[in-house]
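>>> could you work out the structure for the sequence below:
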Amino acid sequence: MAKKLVKYVVVDAFTDTAFKGNPAAVCVLEEEKDDKWLQSVAAEFNVSQTAYLTSLNEVNEPTKTNPRFGLRWFTPVNEVDLCGHATLGAAHFLFANGLVKTDIVEFSTRSGILTAKRVPEAKASNSQDDEPTGYSIELDFPVLQVGTTNFTDIPTISKSLNGASAVEINETSKGDLFDPVCGSAHCALTPYWSKKLGKCEFVALQASPRGGVLNLRLDEEKQRVFLRGKAVAVMEGSLLV
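Numbering: from 1, shown residues only. Here you go, the predicted structure:
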């Protein structure tokens, strides 16, 4: 019997321009796949993150307001606990293809229940029409705690700093925080800069070669970070295995 094709899309996250931001592969699973297969596919895509979406049974329960999906993230070498740009890519896929009828979707993940909200954007004030011109997506993520680290505990600082001196070094308990435009890293950066600058809202520019922009808001009481950005699909197809 022929195997079912697995639909995938590659989405550039935290950008509205193709070939910018951070690319993530998003695969939609209609049946269970073992971890070895998931890891092999992620290695085959060889992008920073591959996200796997599965529809959960509870989305059909009348008590559920928002649709819920299972979501897992894999780098080419291992599974991770949290990924911002691949979550944005997964939400973009669901919203852009009309697969959900609400403006909020929930994801069941290794970091708990995460939500993605579609936020319409109105036209400029001088426009004759108030209809939205598009939307961004806001992710509701947990704060990642950071701790100070002694300089002696850190390997030689990368030459990518171009000779700039380091005033302070911090580390998180999470690994796999990488460029370009890693939303999970901003779950640690947002509370850090909130304490430094005394404010809770930021616009972050990821100064990587591909670039990327995030709007950030910290809810200090609930220890949540809201990351808002855009995404654009650049590729779609089906896995044959």
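>>> how near is residue 67 to residue 5?
Going from residue 67 to residue 5 by C-beta to C-beta, to the nearest Å gives 23 Å. In short, each C-beta sits where N, CA and C put it, glycine included.
>>> show me which of those two is the more surrounded one.
residue 67 (19 against 12; other C-beta atoms under 10 Å).
>>> next, count neighbours for residue 95.
19.
>>> in the protein, which spans are strands?
Assigned by DSSP state E, the chain shows strands spanning 6-13, 22-29, 49-55, 68-74, 79-80, 104-109, 112-121, 134-142, 146-148, 170-172, 201-205, 213-219, 224-229, 231-239.
>>> now for the longest helix that the chain contains, which elements pack on it?
If you go by DSSP state H, the chain has its longest helix at helix 183-197. Helix 183-197 sits against helix 84-96, strand 134-142, strand 146-148, strand 170-172, strand 201-205, strand 213-219, strand 224-229, with contacts defined as 3 or more C-beta pairs under 8 Å, 6 or more residues apart in numbering; DSSP states H and E.
>>> can you state the direction angle for the first one and strand 68-74?
Okay, so that is helix 84-96. Counting by axes from the mean of the first three to the mean of the last three C-alpha atoms, to 10 degrees, helix 84-96 lies at 140 degrees to strand 68-74.
>>> from the chain's centre, how far out does helix 84-96 sit?
Relative to the chain's own centre, helix 84-96 is displaced by 7 Å; criterion: C-alpha atoms, centre = their mean, to the nearest Å.
>>> so what's the residue count around residue 235?
12.
>>> with residue 207 instead?
Residue 207: 9 neighbours (other C-beta under 10 Å).
>>> what residue ranges in the protein score low on pLDDT?
Within the chain, the stretches with pLDDT under 70 are 1-2, 57-64, 123-133, 147-180.
>>> many thanks, have a good one.
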